[in-house]
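*Asks:* Sequence and predicted structure are below.
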Amino acid sequence: MEQHGANSARIVASRIHSHFERTRHRVPSVDTPSLDRLEVLVVLEVRELVKHVVALHATLAAVPLYEAKLRAEWKERAAQYESEIRAYRAQVEAALTAAADLRRHINRSTQAMATETIELRRRWESEWAAHHASEMQRVLDEAAARERDSLLRSRDTTQAALADLRRRLEHQKNAALELQAAELRRHHRAQLDRLSTTLIDISI
């Protein structure tokens, strides 16, 4: 779009310049006494065309500078967005690492508690084998069952919390990436529209 607008402006400028060159050799100075009214108007029109050509050439010379400025601004914004994306990614990775560490800690704690429960049960069985064997067995079984149920509920709750955290982090990351991509597209489209409008106004 930018190249097309610049080409159109150059074509218009070339046509005006060619018209001026053809007319300039045929039309004398305005100060010549022999000129009639029509010839004076032609000379004045040619002078106006020359002014437009000069202004158009100056504008065309400024187009590459403006384009370079827009590209520099776009690169700066793109670098900023990439930096923010990397920061979000680092946060997500850190959160996932922390979640994995928490899961390993829970697994180790669960295994240690289970081992301790088994050891406690064995000790009690050894000390009270001669007395209240069946009652102690029932008490230990109930305690172990409650402990196991509590550990399972704790593990399920923790896993659900970790899954919810992972979903929220993924959603936040995707939402942030989509917002930044949309902002980049809107900014680039606005720049192209402004440049196209400027070039169209110049060609007109």
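*Replies:* On my side now, so go ahead.

*Asks:* So what's the gap between the helix or strand where residue 87 lies and the chain middle?
*Replies:* Using DSSP states H and E, residue 87 sits within helix 37-127. On the basis of CA atoms, centre = their mean, to the nearest Å, helix 37-127 sits 4 Å off its chain's mean C-alpha point.

*Asks:* Quick check: which helices or strands does that helix pack against?
*Replies:* Contact analysis of helix 37-127 by 3 or more CB pairs under 8 Å, 6 or more residues apart in numbering; DSSP states H and E lists helix 2-24, helix 133-203 as its packing neighbours. Any C-beta I mention is one placed from the backbone N, CA and C, and that applies to glycine too.

*Asks:* tell me the mean pLDDT for that helix?
*Replies:* Per-residue pLDDT values across helix 37-127 average out to 82.

*Asks:* Out of the helices and strands packed on helix 37-127, which gets the lowest mean score?
*Replies:* In terms of average pLDDT, helix 2-24 trails the rest of the helices and strands packed on helix 37-127, at a mean of 54.

*Asks:* what's the nearest residue to residue 154 if we skip its chain neighbours?
*Replies:* Nearest residue to residue 154 in three dimensions, chain neighbours excluded: residue 106, at 7.5 Å (CB to CB, 6 or more residues apart in numbering).

*Asks:* My read is that residue 113 contacts residue 147, right?
*Replies:* Yes: using CB atoms under 8 Å, residue 113 is in contact with residue 147, at 6.9 Å.

*Asks:* Burial check on the closest residue to residue 170 other than its chain neighbours, number of neighbours?
*Replies:* Closest residue to residue 170 apart from its sequence neighbours, by CB to CB, 6+ apart: residue 92 at 7.5 Å. Residue 92: 16 surrounding residues under other CB atoms under 10 Å.

*Asks:* Ok, residue 197 next?
*Replies:* 11.

*Asks:* Tell me how far the residue sitting nearest the centre point of the chain lies from residue 123.
*Replies:* Centroid-nearest residue in the chain, with CA atoms, centre = their mean: residue 180, separated by 2.7 Å. Taking CB to CB, to the nearest Å as the measure, residue 180 falls 61 Å from residue 123.

*Asks:* likewise residue 146?
*Replies:* Per CB to CB, residue 146 is found 19 Å from residue 123.

*Asks:* can you check residue 177 too?
*Replies:* Distance, residue 177 to residue 123, by CB to CB: 57 Å.

*Asks:* out of the two, which sits in the more crowded spot?
*Replies:* Neighbour totals were compared for residue 177 and residue 123, and residue 177 leads with 15 against 10 (other CB under 10 Å).

*Asks:* The more buried one touches residue 85, doesn't it?
*Replies:* Yes: assessed by CB under 8 Å, residue 177 is found in contact with residue 85 at 6.3 Å.

*Asks:* tally of neighbours for residue 101?
*Replies:* By the measure other CB under 10 Å, the count of residues near residue 101 is 10.

*Asks:* Now do it against residue 162, distance only.
*Replies:* Residue 101 is 11 Å from residue 162, by CB to CB.

*Asks:* Same check on residue 51?
*Replies:* Here the criterion is CB to CB. By it, residue 51 lies 73 Å from residue 162.
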